[in-house]
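Chemist: would you be able to build a 3D model of this:
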Amino acid sequence: MRRDTTRSHKTKQPRSKKAARAAEVSWAAPITALKGVGPARADTFAAAGINSIGDLLTYYPYRYKDRPRLHRIDELTDGQEACLRVRVTGKGSNFYRGRMRMTQVPAVAMAPQQDSALPLEDAAEPRITLRWFNQPYRAEQFEPGTELVIVGRMRLRGEKTAVVVQECERANPDPTGSPGLGIGKLVPVYSKIEGISPTLLRKLIRQALDTCQELPEALVPPELASDRGLMSLRDALWQTHFPDSGEVQEAARKRLVYQELLLLQLELARRQRAVKVPTTGVGLALEESARDEYVGALPFELTAAQKRVLEEISADLAGPEPAHRLVHGDVGSGKTVVAAWALYCAVRAGKQAAMMAPTELLAEQHYRTFCALLAPLEVQPLLLTGSLPEPTKAQVREHLAGGEPVVVVGTHALFQPAVQFSDLAVAVIDEQHRFGLQQRMALAEKGLRPNVIVMSATPIPRTLALTLYGDFDISVIDELPPGRRPVQTRLLPDRKRKTALKLLVEQVAAGHQAYVVCPLVAEGKKTDAEAATQMYESLQAELAAFAGGEAAALGLVHGQMRAQQREDVMAQFRAGEIQILVSTTVVEVGVDVPNATAMVVFNAERFGLAQLHQLRGRVARSGAQAHCVLLTASKTPEVIDRLRVLEETSDGFKIAEEDLKRRGPGEMVGLAQHGLPDVHMAALLTDTPTLVVAREDARSLLEADPSLDAPEHRLLRRALQAQQPTDIKWTV
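Modeler: The predicted model follows:
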């Protein structure tokens, strides 16, 4: 039965200090408006990100426990979680068990019914001991005769019965006070807030719901709430924190998820409308012969997926509106060739094009690739990175400012104020998740609404793509070039390090090359460069001993090296002069050495699945069988289970979904980094249908009311304006 919430939010005239405090409780009010929350407790809540009443009410449970009704003592077994009604029969006592302080309080069990109790004077009645650990105040807290409702774990030793108490409260509480232990109902489980007990948290949430005068109901306009069959926000919050049943709790979740995703999709739809404003002079319509020339000059055959995406980009560039497209695909799927086509289109039309990469190593790799791809078409790209000599950078800036039709490849140096494009028509951004929204916008603003194409070598599950890139058209390269074989991947404990070294020696003996990737270094310890150098020196000795004194040629590369020094090492590796390259994660993307067929990753537990998949993609660049060994120091079952995913599949999209499930979207790709509101209730893999509906509704809303000026939409507009570009917590 649905909880009757109408009585809890009637507005009354304050007649006392208690009533006056209640009248001050509003969604935006500080949490100190609640009784029992002073400055010290408010600081505790603030550390968990809870500062206002609205923050508290949107501190959602992450799961629920199905708590049974009150038990009889004779139906319980050792180790079982029990819900009991008890009566304290004497004073408690404290003593130490090892280093842990234990409190024991004698009690007797009562009948499960709330309104009756068994006669407990007879010695045959069930006597029990209530136990707490490290809570010595419990010994003096309860007078004999106090009746309690407790939840705890049973400990049955012969005829002695004890309960290790997890939660407890006095029986028959004031109905306007404690929310109770949820006997016979779903009980919410919240992320722990240090210094705030679960019982206190529920009590304060109950108080907030009882006394909060107004809730932002209009964040979902009434007509949409009706069309989608959504319950009111007040009921949804009640049934989320104090659910009457699983069915009603799921209906509450539906309302809250839809509301979050509607706000998110409204912001994305507004961005897309801003990008799609028609402008003149951006169209790059080329004759079909230009594409034939480009494809004909390639030293390989395009896959069907590459041809499809080429056509999609061509249609974008030919249109009257700026292109705004995400191209993503698995490692080695051939996104660079697609990017080169977009850049070539700009130069062929007499305009300028730029490609931005997150690291100098990747920018240098792209520069070499574009030189090779575009040389037959008489296009010579330029390179602009921060570590180039100043005269070289000045010369590149002069070419760009002078209006020459040119392709420039670079790092974040491209959007520095000193770099002025004369006619930027295409901006390609690689490994876009490493750039913030403001950086991407800074490059795009170098031209008059240039065509923007962003690329990601990390396959993105459809739901996350719709969430993060709702303002982009999306292309997927879901096909690998012919002849590529999956990397044989093995997960091994550190103690089998010799197995990994044997693989390296065997691959080098067969005429191949290999990578050794150093672990990420914990903050406050030595730098990644120092760790890589130490690994390099130890491997030289180990491999020499392992191979009988004949050491392989090792090289070292890391992010702190000077650009020329790093390029010299990479040139030697590409030429085969270096057989084993020891590196940090600077080789994660963009490094293309087809003869490298083996990789060993140390401390693999410190990497995400998608990042490990990216790394092993460096050894899948040819038709030869490639190998990857992941070494881990962890013995945690959850960690081992996560890493075994890489043994089981080479499908980047499946791996990305597993990464999303296990790590969450905030860790994988931060929403705030994209200037978007975070989502607190939505599960981005399971809520795809709701996301699609919210996306359609957001676009329809903006079609009918672009500025959200209608009275029923003003709260939506204020919420979006108030929180850009970060988290939206329904501020009103």
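
Chemist: tell me the first helix or strand C-terminal of the helix or strand of the chain with the lowest mean pLDDT.
Modeler: The helix or strand of the chain with the poorest confidence is helix 665-668; it has a mean of 44 (mean pLDDT, DSSP states H and E). Sequence-wise, the next helix or strand downstream of helix 665-668 (DSSP states H and E) is helix 688-704.

Chemist: residue 553 and residue 577: what is the separation?
Modeler: From residue 553 across to residue 577, the span is 7 Å (Cβ to Cβ, to the nearest Å). Using the backbone N, CA and C atoms, a C-beta is placed for each residue, glycine as well.

Chemist: neighbour count winner among the two?
Modeler: A side-by-side neighbour count of residue 553 and residue 577, using other Cβ atoms under 10 Å, places residue 553 first with 15 against 11.

Chemist: quick one: contacts for that one?
Modeler: By Cβ atoms under 8 Å, 6 or more residues apart in numbering, residue 553 lies in contact with 577-580.

Chemist: now that we have the residues you listed, which one has the most neighbours?
Modeler: Neighbour max across the contacts of residue 553 (other Cβ under 10 Å) = residue 580, 26 neighbours.

Chemist: what's the helix or strand for residue 191?
Modeler: Residue 191 is part of no helix or strand, with elements assigned from DSSP H and E.

Chemist: quick one, phi psi at the nearest residue to it once chain neighbours are set aside?
Modeler: Distances taken as Cβ to Cβ, 6 or more residues apart in numbering put residue 62 closest to residue 191, at 6.0 Å, once the chain neighbours are dropped. Per-residue torsions, residue 62: phi -100, psi -10 (degrees, to the nearest 10).

Chemist: neighbours of residue 62, just the number please.
Modeler: Residue 62 has 8 neighbours, counted by other Cβ under 10 Å.

Chemist: can you offset everything so residue one is 44?
Modeler: With the count now opening at 44, the last piece we talked about shows up as residue 105.

Chemist: tell me the contacts of it?
Modeler: So residue 105 contacts 232-234 (Cβ under 8 Å, 6+ apart).

Chemist: please repeat the previous calculation with a cut-off of 10 Å.
Modeler: With contact set as Cβ atoms under 10 Å, 6 or more residues apart in numbering, residue 105 has these partners: 231-234.

Chemist: now the buried members of these.
Modeler: Neighbour-count burial (16 or more other Cβ atoms under 10 Å) applied to the contacts of residue 105 gives 231, 233.

Chemist: among the contacts of residue 105, which pair sits farthest apart?
Modeler: Farthest-apart pair in the contacts of residue 105 is 231 and 234; separation 10.9 Å (Cβ to Cβ).

Chemist: and for those two, which residues touch both?
Modeler: 103-105.

Chemist: reformat those as JSON lines; add pLDDT.
Modeler: JSON lines is the format used below for the shared contacts of residue 231 and residue 234 (pLDDT from 0 to 100):
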{"residue": "103", "pLDDT": "90"}
{"residue": "104", "pLDDT": "88"}
{"residue": "105", "pLDDT": "82"}
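
Chemist: return the member of the residues you listed nearest to residue 299.
Modeler: residue 103 (7.4 Å).

Chemist: the closest residue in space to residue 298 that isn't next to it in sequence: neighbouring residues, count only.
Modeler: Using Cβ to Cβ, 6+ apart and skipping the chain neighbours, the partner closest in space to residue 298 is residue 279 (4.0 Å). Residue 279 has 26 neighbours, counted by other Cβ under 10 Å.

Chemist: I figured residue 279 hits residue 285, correct?
Modeler: No - Residue 279 is not in contact with residue 285 according to Cβ atoms under 10 Å; the separation is 11.6 Å.

Chemist: report the distance from stretch 520-534 to the chain centre.
Modeler: Relative to its parent chain, stretch 520-534 has a centroid offset of 26 Å by Cα atoms, centre = their mean, to the nearest Å.

Chemist: hmm, I was thinking of stretch 453-463
Modeler: 29 Å.

Chemist: let's see the distance spanning it from one end to the other.
Modeler: 14 Å (Cα to Cα, to the nearest Å).

Chemist: cool, and stretch 614-621?
Modeler: Start to finish, the residues bounding stretch 614-621 are 9 Å apart (Cα to Cα).

Chemist: buried ones in that stretch?
Modeler: 616-617, 621.

Chemist: same question for stretch 201-213.
Modeler: 204-206, 208, 210-212.

Chemist: which ones among these lie within strands?
Modeler: Mapping those onto strands (DSSP state E) picks out 204-206, 208, 210-212.

Chemist: contacting residues for the closest residue to residue 404 other than its chain neighbours?
Modeler: Of all residues not flanking residue 404 in the chain, residue 629 sits nearest, at 5.1 Å (Cβ to Cβ, 6+ apart). Going by Cβ under 10 Å, 6+ apart, residue 629 touches 402-405, 560, 571, 575, 600-604, 609, 613.

Chemist: derive a PyMOL selection command for the buried subset of the residues you listed.
Modeler: In PyMOL, a selection of the buried entries from those looks like this (16+ other Cβ under 10 Å):
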select buried, resi 402+403+404+405+560+571+575+600+601+602+604+609+613
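
Chemist: among the contacts of residue 629, which one lies nearest to residue 439?
Modeler: Closest to residue 439, out of all of these and judged by Cβ to Cβ, is residue 403, at 14.4 Å.

Chemist: verify the contact between that closest one and residue 608 for me.
Modeler: No - judged on Cβ under 10 Å, residue 403 makes no contact with residue 608 at a distance of 11.5 Å.
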